[in-house]
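**Student:** Turn this into a structure:
(4 chains)
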4 protein chains.
Amino acid sequence: MVNVGIVGGSGYTGGELIRILSNHPKVEITTITSRKYEGQSVEKVHPHIRDSDLIFENKNAEDFEEDIIFTATPHGASMKIIPDIIEKTDAKIIDLSGDYRFEDYEVYEKWYNLKHTKHIDSVYGLPELHRKEIAKERLIANPGCFTTGAILSGYPLSKKQYADRMIFDSKTGVSGAGIKPSEATHYPNIADNVNPYKVTTHRHTPEIQQELQRYSDVKISFTPILVPVLRGILTTNHTILKEEDFDFETKEQREDTSKKIEELYRNIYKDEPFVKILSEGEIPRLSSVRGSNYIHIGCFEVDQTGQLVVISAIDNLVKGASGQAIENMNIMCGFDEKTGLDFFGLHP
Amino acid sequence: MVNVGIVGGSGYTGGELIRILSNHPKVEITTITSRKYEGQSVEKVHPHIRDSDLIFENKNAEDFEEDIIFTATPHGASMKIIPDIIEKTDAKIIDLSGDYRFEDYEVYEKWYNLKHTKHIDSVYGLPELHRKEIAKERLIANPGCFTTGAILSGYPLSKKQYADRMIFDSKTGVSGAGIKPSEATHYPNIADNVNPYKVTTHRHTPEIQQELQRYSDVKISFTPILVPVLRGILTTNHTILKEEDFDFETKEQREDTSKKIEELYRNIYKDEPFVKILSEGEIPRLSSVRGSNYIHIGCFEVDQTGQLVVISAIDNLVKGASGQAIENMNIMCGFDEKTGLDFFGLHP
Amino acid sequence: MVNVGIVGGSGYTGGELIRILSNHPKVEITTITSRKYEGQSVEKVHPHIRDSDLIFENKNAEDFEEDIIFTATPHGASMKIIPDIIEKTDAKIIDLSGDYRFEDYEVYEKWYNLKHTKHIDSVYGLPELHRKEIAKERLIANPGCFTTGAILSGYPLSKKQYADRMIFDSKTGVSGAGIKPSEATHYPNIADNVNPYKVTTHRHTPEIQQELQRYSDVKISFTPILVPVLRGILTTNHTILKEEDFDFETKEQREDTSKKIEELYRNIYKDEPFVKILSEGEIPRLSSVRGSNYIHIGCFEVDQTGQLVVISAIDNLVKGASGQAIENMNIMCGFDEKTGLDFFGLHP
Amino acid sequence: MVNVGIVGGSGYTGGELIRILSNHPKVEITTITSRKYEGQSVEKVHPHIRDSDLIFENKNAEDFEEDIIFTATPHGASMKIIPDIIEKTDAKIIDLSGDYRFEDYEVYEKWYNLKHTKHIDSVYGLPELHRKEIAKERLIANPGCFTTGAILSGYPLSKKQYADRMIFDSKTGVSGAGIKPSEATHYPNIADNVNPYKVTTHRHTPEIQQELQRYSDVKISFTPILVPVLRGILTTNHTILKEEDFDFETKEQREDTSKKIEELYRNIYKDEPFVKILSEGEIPRLSSVRGSNYIHIGCFEVDQTGQLVVISAIDNLVKGASGQAIENMNIMCGFDEKTGLDFFGLHP
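**Tutor:** Have a look, this model is predicted:
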C-alpha cells in the first residue's frame, strides 16, 4: 500500500480526493491537513464521507512520512510549502494550484500578480500530452479545470497546424468557485442566470496558450461563464480553420471536413483511457461525466464561414482536478492508469 | 381603445401577450383563439392569469373584427392564416413566427424546408433598426428570440464596418422551447446540464445574417445552447475586429479600444427606450431583464488577439417575443413606444 | 402625490419596494437610505432598476419629510430608529422587521433573544385579518414571509374551531435568506438539495400562533425548508380535523368534507382582492404568483385519518414582504387596495 | 461469477443497475432487454455507460439463463412476465415494480386499479426489516422510492409503539418520475416551483401503512412533493408522539425526549450497513447520499405540542430503487451486503 497525504483537505478538491481514494485498492490516506479544522473529523466538513477515521491535522513539511502528497492549497500557498516537502521528505508531490504550471515564471508572475519564490522542476500534469514525463518527475503541476477541457478539445487541431484561431467559450458549474461563500456564489445571483466573468483576463488563458502553442501559432481566446450547474465544464471550442486546408462551401464539403476532423481526434486519442470521442450527431453532456474522470469530446460541425465547433465535457472536480491528480499518481506509482478511477458518470 | 386579437394563444408567447396587455391602458383583448382549448377559460392553460373573462375560441379569419391581431402560431401555420386575414379584414398583423421574416423567400424555403405559399409585404419588426417602416406597414414579422439579442449586440459594429467576423454563442432558457414537453425539455435532461444543439444549423442564423449583413460583409456564426434557466437569452458575441481599425497589443491600447466601442454603442442607441448600455465592468445579467422588455448590452472587452466580446441579455419571451410584439403594436398605433411596457425586470 | 421614504433600501425587500412603487401612480420615492452604499446610485445594488435618480443616503430620523416610511431594516435595528421617527416626524410607518409584530413583548424577547427597548402601539399588518385597524394606526408591523402563507392557509379553520392541530411544512425560496452571502445560501449547498432548518424553533412560529390562536386553541407546529427556488413560499398545511365535526371514513364522506371546507374558504375570502381560492383539483404553484401580490390557496384534500391538506403559494418578497407593505400603505392612505399591485405573476 | 439479467433496462433504474453492477466484483450482466430499443447499444440510451458490449434484446421468459433477474418493468407489466420466469427458469427475481409488494392483494387492486393476475410468494425487500426472509425467498418485491425513506424514518417509533400518528411530507427529485417526458417533468413546470401531487392518494401510502402498522396502530398520512432536484428524496416525518410516553413542556424535557429517541434509532440501526444516524444538530442532506446506497436519518427535534420531526435522505434511484435491489441480490447470493455498493455520495 502506498501512503498518501492531503495538504489543505477541507475544500471541494480535498473532499473529492477522499471520496475517490476511499475506493482505490492500492493506497491509503494516512494524513489530511487543515489549519482551520484542526482536530475535527473529516465528516464535519465533508458530510458524505462517513465512518472515516480521518481527523484534520496541522502538520509541518518535515513531519510527512507519506509516499505521495497532494497539495490542495491555493496558489501562493503551494509554493510556500512544496519546496520544504521536496527538501525534507522523499514524497512525490501533485500540486493542484497554479504555482508550478508555467514553464516561464514571468508569465505566472504577470497573471497571478505574485512574486514566484522558488523554482522547482515540474511537469504539467496532463497525461494525454505529458504521460512519459509525469512518470519520471517528482513534482506534478495538476492542470486547471478550464484548461483540461479546453486543451484536450483543441490539441489535435493545433498539433496538425489546422487552426488559425480558437475561441473557448467555457461554461462552468459553481463548485469550481470553491467551498467558500461569496457574492458570486450566492444562490440568487446564480440560479436562473448565466454569468460571464473575467471575460478576457482569466488566469487559465496563459495555461491554454502554453500547451496549445507548443505545436502551432494558433491564436487563443478564452471566456469563462458561470452557469447554474453544480459540477462540470462544457467547453465550446469555436475554431477558425485555416482556409488552405479545408473546404466548407457546400454541404458535402462541410460534412467531409467534419468527418476528417472526427477521424483525426479518434486517431490521436485512440489509446487514451479517459478520452471518449462521441459519434456523429452526439453532443457531450455534463451528466454523462458527472462524478467521473472521463472527458467526452464531440460535435465537429463546420459552418460556411469555416468555423468548426468542437465540444468537450468534464467534471471540473474530477478530470478537472482531483481525478486527474489521482490519474497522475497512478502514473507516478506505476499503477494501471484507471486504478480507482474506473467508474462511469452519474446520469441523470 | 384598440381591440386586439390573439391567434394561437395557448403557448408561452400567448400567455405573455395576455399578461402584459392586461396592464396596457390603451388596448383590450377581445378575442383569443386555440383550437385545442376551444371553450376553455384562459386560466386553465395560463394559471397565473386569474379572473379574466377570456375564453379560447376557434375562429375563421373573416370573423376577426379586431384592429390588431397577433399571430402566435408556429411557422408554416402563420402563412396559412395571415393572407386570409389580410384579405378579409382591416386588421394590422404582428406575426411571431418565422414565416415573413425573410426578404429572400428562397432563404426561408431552404432553412425551414417548407414551400412558401403566399408572398406579402412585411417589415422585420426590430424597432431599433426599422422603426419607420414598422409605423407604416400592415404586416410585421416579429424577430426570433435569439436574433434580437444577437443583432442588437452586433449592429453598431457591422454598421461601422469594424468587424471581420462574429461568433454568437447564445445561452437560452428553456421556455424558449415552448410549452410542449419533449425529451429536450425533460427536467433531468436540462438540470445540471448545458446543451448545445443545432450547433451550426439553427434557423435563426440566416435572420442574423440578413440584418447584420445589410451594412457590411461580416461573417456570421451562431451556436444556440440550452441552459438550466427558465427565461432569458445571454448572448456572448465574440467579434474578430478588423486589424486595420483598432490596436490591441498593449493593455492601454486594449482599454482605448474598449472605450471607443462602448462610446459607439452609447451613441447609436442613445434614444432607444429599451436598450441599456451598461457601464464599464458591469456584465449584463438575465435577472435584471427577467419579465421586462429591456435589453442590456455591455462588456466590450478586447484581448490580445483582437477578439472583442460584447454581451447582451434579454428575456426571450418579452423583448425576444411578446414584449417586442407589443412594442411594434405601439409603433403601429402611434402610441408612446413604452406604453404598457414600462416596468423593470424581476431581480432576484 | 404621497412622498415615500425607504430606510435600509439595499436588500431584496428594498429592491422590491422600488420595483413596485416605480409603477404606483399615486406615490413618489423621495428618499432611500443605506449606510453601506451612501452616495451610490440605486442601480449599483439593484441592477434591474435603471435610470432612476435615486441615490442612497445616510439620514437621521428627524430629517425625514416623507408621508410614509418603510423601514426595511433588520430586527433590532427597527426598534432603534422607529421611536425617533414617530416622535420627530408626522410620517406613518410600515416596518418590515419582527420588532413590532408581537402583542406580548415577552414573546418577542424570548424568541428573538433581544431586550425590547420601546413599546409603541402597532397593528399586525395582515389586511385579511386586520384591515380596519390598519386604516387607523400609525405604525404597521408587516408580517413575516412564512407567516403570511401559513396564517391565511389556516385562518378559516381556526375561526370555525374546526382544527385540533396544524403542522406547517413550508418550502421557501432562497431570496428569503436575504442579499448577504452565507454558507446557507452558497449555491452548491442549495442546488439539488432540500434543506430543513430551525425545524421546530423558527421565529415565525410564535407569530403564526398569535394570529391563529386568537380564534381557537389549535396546536401549531412549523417547519421551514429551504428549496432550490429563487422566490416563493409553498406552504403545506397538514391540519388534523376535530373528529366530531367531520366524517372521512368513506370516499364520499371525504369528498363532502373537502367541498365543505373549500366552500368555507371561498366564503371567508370572497371579498379579498389578493386571495384566490383555486378550483378542485388545482394545486397552487409558485410560478403563478411569482413577482405578484396574490396568494393562491387550494387542495383541501382529506385522508382516512382525518388529516386535511391545505396548500398556499405566495411570492415571499411580494405578498410575503414588500407587496404586502405597499398594500398596507394603500389602506393607510385611503387608496384602492390594488393600486400599483394589480399585475399577475410571471409564469413560467 | 453470478450472471445477471435486466428486464426493461432502458429507464433510469435500468441505467443505475448497469452503472453500479459495472463495478460489482462478483456479477456480470449477460442480458438486458428493451422492446423499444431492441438491437441498439446501451450507450444510445444511457450516455454515461461507454464501451459496454451490452445490446438491448427482446427475449422470452424461457430464454433467460441468468441466475438473477431484475425486472425493471412498470407495474402491471411485471406480473405478466414474472410468473413465466418463475416457472420456466431457475432464476431468482428482484422486481422493482409495485406488483408483488402487498401481502393483501386487494389493497393492490384497489390502489393500482388493476386485477392481480397471479399470486406468488414474495418478500418485501427492505433489508432492515426483512433481511432473513430475503435470504430465503425466490421473488423479492423491491420497495418504492418514497416508502424506503418513510418507513426507515418511522420504524423505530412504530416498533416501540411511541407514535400516535405520522405525517410524511416527502420531497422528491424529478428522476423519480422516470425517463419519459410529460407535462409534469417539463422543465418550465418544475424549475423554481414546488409541486405537491396526489396529496392524499399516492400509491406508496398503503405500502408505508403495511410495513409500519405491523408493529402498532400508528395513523399514516403521506404527501409527495416534486421539487427542482435531480435525485433524492428528503422525507420530513412529522410524528405526533403518544402523550403518556414523553414530556415536552419545558426545553429540558424536549431535549431529553430528543436524546432518548436518537438513542433508540442508534440502537435499532446499529448493525445496519447503509443506515447512518446523524449527530445532534446535523440535518440529512440529499447531496451526502447522491449516487450512493446510504440513508441518512437525523434531526429528532420535538416541539411544545408533542410533535417530533425525523428527517431522512436517500437517493431515490439507489437506496430507493436499484441500489437496494443490488443489496437484496447480495443477500440472496450470500455476498457481503456492501459488495459493489461501498461508495460514498457525490457532494457537492
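
**Student:** Residues of chain A that sit close to chain D?
**Tutor:** Selection of chain A residues close to chain D by Cβ under 8 Å from any Cβ of the partner chain yields A:12, A:15, A:19, A:22-23, A:46-51, A:175, A:191-192, A:230-231, A:276, A:282, A:285, A:287-292, A:294, A:342-348. All C-beta spots, glycine's among them, are computed from the backbone N, C-alpha and C.

**Student:** which of those come close to chain B?
**Tutor:** Taking Cβ under 8 Å from any Cβ as the test, chain B is in contact with A:192, A:230-231, A:285, A:287, A:290, A:348 out of the residues of chain A next to chain D.

**Student:** in stretch A:216-226, what's buried?
**Tutor:** A:216, A:218-226 (16 or more other Cβ atoms under 10 Å in any protein chain shown).

**Student:** which of these lies closest to chain C?
**Tutor:** Nearest to chain C among the buried residues of stretch A:216-226, counting by Cβ to the nearest Cβ, is A:Leu226 at 9.1 Å.

**Student:** Show me which residues of the stretch 51-200 of chain A are close to chain B?
**Tutor:** A:165, A:167, A:169, A:171, A:173, A:188-189, A:192-197, A:199-200.

**Student:** please redo it, this time with the cut-off set to 6 Å
**Tutor:** A:167, A:169, A:171, A:188, A:192-194, A:196, A:199-200 (Cβ under 6 Å from any Cβ of the partner chain).

**Student:** Now do the contacts for the residue of the stretch 51-200 of chain A found nearest chain D.
**Tutor:** Among all residues of the stretch 51-200 of chain A, A:Ser175 sits closest to chain D, at 5.2 Å; criterion: Cβ to the nearest Cβ. Neighbouring residues of A:Ser175 by Cβ atoms under 6 Å, 6 or more residues apart in numbering or on different chains: A:12, A:230-231, A:317, C:188, D:348.

**Student:** A:Val205 against A:Phe222, yeah?
**Tutor:** In this structure residue A:205 is Thr, not Val. Yes. Counting by Cβ atoms under 6 Å, a contact exists between A:Thr205 and A:Phe222, whose distance comes to 4.6 Å.

**Student:** how about the strands in chain A?
**Tutor:** Ranges of strands in chain A, per DSSP state E, are A:2-7, A:27-33, A:68-71, A:92-95, A:123-124, A:139-141, A:163-172, A:195-196, A:219-226, A:233-241, A:275-277, A:295-302, A:307-314.

**Student:** Now the longest one: average pLDDT?
**Tutor:** With pLDDT averaged residue by residue, strand A:163-172 scores 98.

**Student:** tell me the pLDDT at the closest residue to A:Glu183 other than its chain neighbours?
**Tutor:** For A:Glu183, the nearest residue in space outside its immediate sequence neighbours is C:Pro181; the separation is 5.5 Å by Cβ to Cβ, 6 or more residues apart in numbering or on different chains. pLDDT for C:Pro181: 98.

**Student:** Let me see the contact set for C:Pro181.
**Tutor:** By Cβ under 6 Å, 6+ apart, C:Pro181 lies in contact with A:181-183, A:186.

**Student:** Show me which of those are buried.
**Tutor:** A:181, A:186.

**Student:** Any idea how many residues pack against the closest residue to A:Gly76 other than its chain neighbours?
**Tutor:** The spatial neighbour of A:Gly76 that comes closest, neighbours along the chain excluded (Cβ to Cβ, 6+ apart), is A:Leu114 at 5.5 Å. A:Leu114 has 14 neighbours, counted by other Cβ atoms under 10 Å in any protein chain shown.

**Student:** Tell me the pLDDT of A:Leu114.
**Tutor:** A:Leu114 carries a pLDDT score of 95 in this model.

**Student:** do A:Arg203 as well
**Tutor:** A:Arg203 is given a pLDDT of 97.

**Student:** neighbours around the closest residue to it other than its chain neighbours, how many?
**Tutor:** Residue nearest to A:Arg203 in three dimensions, not counting chain neighbours: A:Trp111, with 5.0 Å by Cβ to Cβ, 6+ apart. Using other Cβ under 10 Å as the criterion, A:Trp111 is surrounded by 17 other residues.

**Student:** what do you get for A:Asn3?
**Tutor:** Considering only other Cβ under 10 Å, A:Asn3 is surrounded by 16 other residues.

**Student:** If you count contacts, what does the lengthiest helix in chain A end up packed against?
**Tutor:** Counting residues, the longest helix in chain A under DSSP state H turns out to be helix A:251-268. Helix A:251-268 sits against helix A:145-159, strand A:295-302, with contacts defined as 3 or more Cβ pairs under 6 Å, 6 or more residues apart in numbering or on different chains; DSSP states H and E.

**Student:** got the angle for that helix vs helix A:145-159?
**Tutor:** Note on geometry: by axes from the mean of the first three to the mean of the last three Cα atoms, to 10 degrees, helix A:251-268 and helix A:145-159 are set 110 degrees apart in direction.

**Student:** Please work out the angle formed by the directions of helix A:251-268 and strand A:295-302.
**Tutor:** With the same axes, to 10 degrees applied, the angle from helix A:251-268 to strand A:295-302 works out at 160 degrees.

**Student:** Need the contact partners of helix A:251-268.
**Tutor:** By Cβ under 6 Å, 6+ apart, the list of residues contacting helix A:251-268 reads A:156, A:246-248, A:277, A:300, A:302.

**Student:** Closest one of those to D:Glu103?
**Tutor:** Lowest distance from D:Glu103 to the contacts of helix A:251-268 (Cβ to Cβ) belongs to A:Ile277, with 52.1 Å.

**Student:** Near whichever residue of the stretch 151-300 of chain A sits closest to chain D, how many other residues are there?
**Tutor:** Across the stretch 151-300 of chain A, no residue is closer to chain D than A:Ser288, which sits at 4.2 Å (Cβ to the nearest Cβ). If you count neighbours by other Cβ under 10 Å, A:Ser288 ends up with 27.

**Student:** could you measure it against A:Gly334, distance?
**Tutor:** Computed as Cβ to Cβ, to the nearest Å, the A:Ser288 to A:Gly334 distance reads 30 Å.

**Student:** Any of the residues of chain A next to chain D buried? List them.
**Tutor:** A:12, A:15, A:19, A:22, A:46-50, A:175, A:191-192, A:230-231, A:276, A:282, A:285, A:287-292, A:294, A:343-348.

**Student:** So which bits of the stretch 151-300 of chain A are right by chain C?
**Tutor:** Counting by Cβ under 6 Å from any Cβ, the positions of the stretch 151-300 of chain A adjacent to chain C are A:174-175, A:181-183, A:185-188, A:190-191, A:230.

**Student:** Okay, and which of those map to helices?
**Tutor:** Taking DSSP H, the ones among those that sit in helices are A:187-188, A:190.

**Student:** A:Asn330 is in contact with A:Thr339, correct?
**Tutor:** Yes. In this structure, A:Thr339 is within contact of A:Asn330 by Cβ under 6 Å, at 5.3 Å.

**Student:** which one of the two has more residues nearby?
**Tutor:** In this view A:Thr339 and A:Asn330 are compared by other Cβ under 10 Å, and A:Asn330 has more residues nearby, 22 against 16.

**Student:** residue contacts, that one?
**Tutor:** With Cβ under 6 Å, 6+ apart as the criterion, the residues that contact A:Asn330 are A:337, A:339.

**Student:** The closest residue to A:Arg50 other than its chain neighbours pairs with what?
**Tutor:** Nearest residue to A:Arg50 in three dimensions, chain neighbours excluded: D:Lys276, at 5.3 Å (Cβ to Cβ, 6+ apart). Beta bridges link D:Lys276 to D:His296, judged by DSSP bridges.

**Student:** Next: A:Thr172.
**Tutor:** When bridges are called by DSSP bridges, A:Thr172 pairs up with A:Leu226, A:Ile233.
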